[in-house]
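Student: Sequence below, structure please.
(chains A and B)
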Amino acid sequence: EAGVAQSPRYKIIEKRQSVAFWCNPISGHATLYWYQQILGQGPKLLIQFQNNGVVDDSQLPKDRFSAERLKGVDSTLKIQPAKLEDSAVYLCASSRGGTDTQYFGPGTRLTVL
Amino acid sequence: AQSVTQLGSHVSVSEGALVLLRCNYSSSVPPYLFWYVQYPNQGLQLLLKYTSAATLVKGINGFEAEFKKSETSFHLTKPSAHMSDAAEYFCAVDGGATNKLIFGTGTLLAVQP
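Tutor: As a prediction, this is how the structure comes out:
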């Protein structure tokens, strides 16, 4: 089966610009996660969807970050405006739900100059 | 709250030598524990997971981990390192009700010829 797809793989922007990332989960996976991985750190959950509803967004900086999962399949994560400290790899993962294994995409590496 | 601590941000072994990567956890409930591997410019791949069945868990690529409640540890081992094992390894714990993963800071494994 196809894995989790993410695009773009790399993005370089200036601070205060906006950027969007796209994720297509494994077919049939109800739960979708966005993680932020800053260099030298482990991934940190930003937001979790169950179908098209938000389960956990407690660590999402809502003043600048937003995410949606229309129709419960694809998802987009947006940053507006970007700050230097947003430079990181943004990982998307999906699972069938509950304690099922999370499968990760290749990530999008964002550099904010 | 659940957390994991990985001891040693960098570990170097010779090819053919034992690999031992350390992880200690903190959890108020019986934990689900995971080891993921991340190769350069790739997403995370699940190596193995502990879900309260057998305390010795075997994973892919010859890795295994032993859950020791008395030591609150879940160390990852492999009897004989291969060059292809060079990567970053993350220990993670299930974060509870929403099943988000809480990751450690990672251990970068180098394998010397």
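
Student: Counting neighbours, what do you get for the closest residue to A:Leu32 other than its chain neighbours?
Tutor: Leaving out its chain neighbours, the residue that sits closest to A:Leu32 by Cβ to Cβ, 6 or more residues apart in numbering or on different chains is A:Phe49, at 4.6 Å. In short, each C-beta sits where N, CA and C put it, glycine included. A:Phe49 has 22 neighbours, counted by other Cβ atoms under 10 Å in any protein chain shown.

Student: Can you give me the distance of A:Phe49 to B:Gly96?
Tutor: In this view, A:Phe49 and B:Gly96 are 17 Å apart by Cβ to Cβ, to the nearest Å.

Student: so what's the residue nearest to A:Leu32 bridging to?
Tutor: A:Phe49 has these beta-bridge partners by DSSP bridges: A:Leu32, A:Val54.

Student: next one: B:Leu44
Tutor: For B:Leu44, the beta-bridge partners are B:Gln38 (DSSP bridges).

Student: Run through the chain and note the low-pLDDT ranges.
Tutor: Defaulting to chain A. Applying pLDDT under 70 to chain A flags residues A:1.

Student: wrong one, chain B
Tutor: Chain B contains no residues with pLDDT under 70.

Student: In it, which residue sits nearest chain A?
Tutor: B:Phe103 (3.1 Å; Cβ to the nearest Cβ).

Student: quick one: contacts for that residue?
Tutor: Neighbouring residues of B:Phe103 by Cβ atoms under 8 Å, 6 or more residues apart in numbering or on different chains: A:42-44, B:4, B:36, B:90-92.

Student: Against chain B, how distant is the residue nearest to A:Leu32?
Tutor: To chain B, A:Phe49 is 11 Å away according to Cβ to the nearest Cβ, to the nearest Å.

Student: mind listing the strands for chain A?
Tutor: A:5-7, A:10-13, A:19-24, A:31-37, A:44-50, A:53-56, A:65-68, A:75-79, A:88-95, A:103-104, A:108-112 (DSSP state E).

Student: Could you show which parts of chain A are in contact with chain B?
Tutor: Residues of chain A lying near chain B by Cβ under 8 Å from any Cβ of the partner chain: A:4, A:31, A:33, A:35, A:40-45, A:48, A:55-56, A:91, A:93, A:95, A:97-99, A:101-107, A:109.

Student: Would you mind confirming that A:Gly28 is in contact with A:Arg96?
Tutor: Yes - using Cβ atoms under 8 Å, A:Gly28 is in contact with A:Arg96, at 7.1 Å.
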